[in-house]
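Q: How does the following fold in three dimensions:
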Amino acid sequence: MCRLSLLLLLLCGADAMVKRAHSLLSLYEESGVSRNKLIFRVPATWAGIQAAGQLEKEGVATQAFHIYRYTPATVKYTTAVVLVGR
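A: All right, here's what the predicted structure looks like:
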């Protein structure tokens, strides 16, 4: 199973997240990886939940994650630091 994060800091809106997921899906499928081996992680924002709903209707597995503040989000996506939640 492979988890792919749709980056909160780079994508603004459900449509952008869905478009990015479709792009990644096609790349993986061209490489021989089936979509049932992928899980797309989306931010637990309004746009992220909307994107997850649309992707789930298409048969794409999703997982929502919560980022509490901008600083942890920045650390998570700009360094190799692993953040442990409360």
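Q: Buried residues of the top helix by length along the chain, list them for me.
A: Secondary structure of the chain per DSSP state H: the longest helix is helix 14-30. Neighbour counts over helix 14-30 (16 or more other CB atoms under 10 Å) mark 14, 17, 18, 20, 21, 25, 28 as buried. In short, each C-beta sits where N, CA and C put it, glycine included.
Q: Against which helices or strands is it packed?
A: strand 2-5, strand 38-43, helix 46-57 (3 or more CB pairs under 8 Å, 6 or more residues apart in numbering; DSSP states H and E).
Q: between those, which one is nearest to residue 63?
A: strand 38-43 (5.0 Å; CB to CB).
Q: what's the closest one packed up against?
A: Counting contacts by 3+ CB pairs under 8 Å, 6+ apart, strand 38-43 is packed against strand 2-5, helix 14-30, helix 46-57, strand 61-65.
Q: Count the neighbours of residue 38 for me.
A: Neighbour count for residue 38, taken as other CB atoms under 10 Å: 19.
Q: The longest helix of the chain relative to helix 46-57, how many degrees between them?
A: In terms of direction (axes from the mean of the first three to the mean of the last three CA atoms, to 10 degrees), helix 14-30 departs from helix 46-57 by 40 degrees.
Q: Now do helix 14-30, average pLDDT.
A: Average pLDDT, helix 14-30: 92.
Q: For it, C-alpha coordinates in CSV please.
A: Extracted in CSV, the C-alpha atoms of helix 14-30 (Å, rounded to 0.1, in the frame of the first residue of the first chain):
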residue,chain,number,x,y,z
ALA,A,14,-11.0,20.7,-4.1
ASP,A,15,-10.7,20.8,-7.8
ALA,A,16,-7.0,21.3,-7.7
MET,A,17,-6.6,18.3,-5.3
VAL,A,18,-8.8,16.1,-7.5
LYS,A,19,-6.9,17.1,-10.6
ARG,A,20,-3.5,16.3,-8.9
ALA,A,21,-4.8,12.9,-7.7
HIS,A,22,-6.0,12.1,-11.2
SER,A,23,-2.5,13.1,-12.6
LEU,A,24,-0.7,10.9,-10.0
LEU,A,25,-3.2,8.0,-10.6
SER,A,26,-2.4,8.0,-14.3
LEU,A,27,1.4,8.1,-13.7
TYR,A,28,1.2,5.1,-11.3
GLU,A,29,-1.2,3.2,-13.5
GLU,A,30,1.2,3.7,-16.5
